[in-house]
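Participant: what would the 3D arrangement of this be:
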Amino acid sequence: MLLETIKGNNLAKIVITLFIGFTIWWLILQFFFPPASDSAKLYGSLYGIIALLGGIWSISVAGKWGGTKSVMGKSILLFGFGLIAQEFGQVIYSYYNYILKLDPPPYPSIGDIGFFGSIPLYIIGVIYLAKASGVKIGLKSFASKIQAALIPLSMLVLGYYLFLRDYEFDWTSPLTIFLDFGYPLGQAIYVSLAILTYLLSKRFLGGIMKGRILIILFALVIQFISDYMFLYQTIHESWYVGGINDYVYMSAYFVMTLALLQLNTVALRLRE
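Facilitator: Below you'll find the model as predicted:
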C-alpha cells in the first residue's frame, strides 16, 4: 500500500528524503550537541516544512476527489489545513526560540492559535472521512453503539490518567487552564472518531480504503502523543528545543503527509 504510493509518487519520495534527513540531524544533535544548542534551534525551526508541504499538496490531492464538491475532498483539505495550522504554530515557536532566544518558549502564546486550531480541523476532517466511509449506517447496530460510547470514554480516561490527575489549577491564568484541558480532550475526540471510522468502515470503495484510514489514524495518534508530551514537559519544565518532543512532532507531520499522498494514489486507481 505505502510502497505503491512511494513507487509512483515523487512527492512521497521527497517527504521520505526529508524525514530521513531530519532524523539523521536529530540523532547527531542528541549525541554531539548540548540541549537547546543553536543547531537544535535551527532544527526546531525547519522540520515543520514537512507539515507545510503536506498542507500544500493536500490541495492537489483533494482536487482528485472533487475538492469541496465531495465529502472526501473536504476531509483531505481539512487534514491539510490542520498541517498548515501546525506549521503556523511551529513558526511562531521558532521565532521565540531562534530569534528571541527563549527556551522554553512562552505557553500559551500566539503559536497556540495554530496548534490548538488544528484540533477542530482534524475533528471535522475525521467526521467527513466517516461520512465518506458510510459509518453513519454502521452506527445503527448495537455493537457499533457500544463502540461509539466506549472508545471516546476510554480516550478521556487515558488522557486524564496520563496528564490531568495531578493537575494544579492556577485561576490567575484561565487561558492556560483552557488549553491544558482543551488539548487532551479535543485530541481524544478526533482520535476516538478516527478509531470508530476505521472499525466501522467495511465496504467503502470495495474495502480499499480500510488500510488508508488506518494510516490516517496512526498519524492522529502520533499527533496526540506529541501534544501530550509537550504539555507534560512544559508543566514539568523539562521541554527543550530539538528534544524528543520535536522529533515526535516531525514524525506526526511525516505520517499525515504520507497518509494524504496515498489518497492521491487511490484516486488515480479509481480513474483507471
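
Participant: quick check: which element contains the nearest residue to K74 once chain neighbours are set aside?
Facilitator: Of all residues not flanking K74 in the chain, Y128 sits nearest, at 4.9 Å (CB to CB, 6 or more residues apart in numbering). Every C-beta, even on glycine, is put in place using the N, C-alpha and C of the backbone. Taking DSSP states H and E as the criterion, Y128 maps to helix 111-132.

Participant: show me what that helix is packed against.
Facilitator: In terms of contacts (3 or more CB pairs under 8 Å, 6 or more residues apart in numbering; DSSP states H and E), helix 111-132 is packed against helix 71-94, helix 174-200, helix 210-235.

Participant: list the contacts of the residue nearest to K74.
Facilitator: Contact partners of Y128, counting by CB atoms under 8 Å, 6 or more residues apart in numbering, are 71-72, 74-75, 78.

Participant: save these as CSV, and put in distance to V157 and neighbour count too.
Facilitator: Below are these laid out as CSV (distance: CB to CB, whole Å; neighbours: other CB atoms under 10 Å):
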residue, distance to V157, neighbour count
V71, 31, 16
M72, 32, 24
K74, 31, 22
S75, 28, 27
L78, 27, 22
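
Participant: so where's this protein shaky on pLDDT?
Facilitator: Applying pLDDT under 70 to the chain picks out residues 1-8, 135-149, 151-152, 155, 159-160, 162-167, 201-210, 265-272.

Participant: ok, the residue most central in space within it - contacts?
Facilitator: Among the residues of the chain, the one closest to the centroid is Q223, at 3.9 Å (CA atoms, centre = their mean). Applying CB under 8 Å, 6+ apart, we find Q223 in contact with 118, 122, 187, 252, 256.

Participant: which residue is the nearest non-sequential neighbour of L102?
Facilitator: Y96 (4.5 Å).

Participant: got it, and L129?
Facilitator: Counting by CB to CB, 6+ apart, the residue nearest L129 is S75, at 4.4 Å.

Participant: what sits against the one you found?
Facilitator: Counting by CB under 8 Å, 6+ apart, the residues that S75 touches are 125-126, 128-129, 132.

Participant: next: L42.
Facilitator: Y98.

Participant: ok, F116 - how many residues close by?
Facilitator: 18 (other CB atoms under 10 Å).

Participant: ok, now the one 4 residues further on?
Facilitator: Other residues lying near P120 total 15 when counted by other CB under 10 Å.

Participant: wait, isn't it in contact with G186?
Facilitator: Yes: under the criterion of CB atoms under 8 Å, P120 is in contact with G186, at a separation of 7.3 Å.

Participant: which residues are common contacts for these two?
Facilitator: Residues touching both P120 and G186 (CB under 8 Å, 6+ apart): there are none.

Participant: follow-up on the earlier one: by neighbours, which of the contacts of S75 wins?
Facilitator: L129 (29 neighbours).

Participant: from N97, how far off is that residue?
Facilitator: Going from L129 to N97 by CB to CB, to the nearest Å gives 34 Å.
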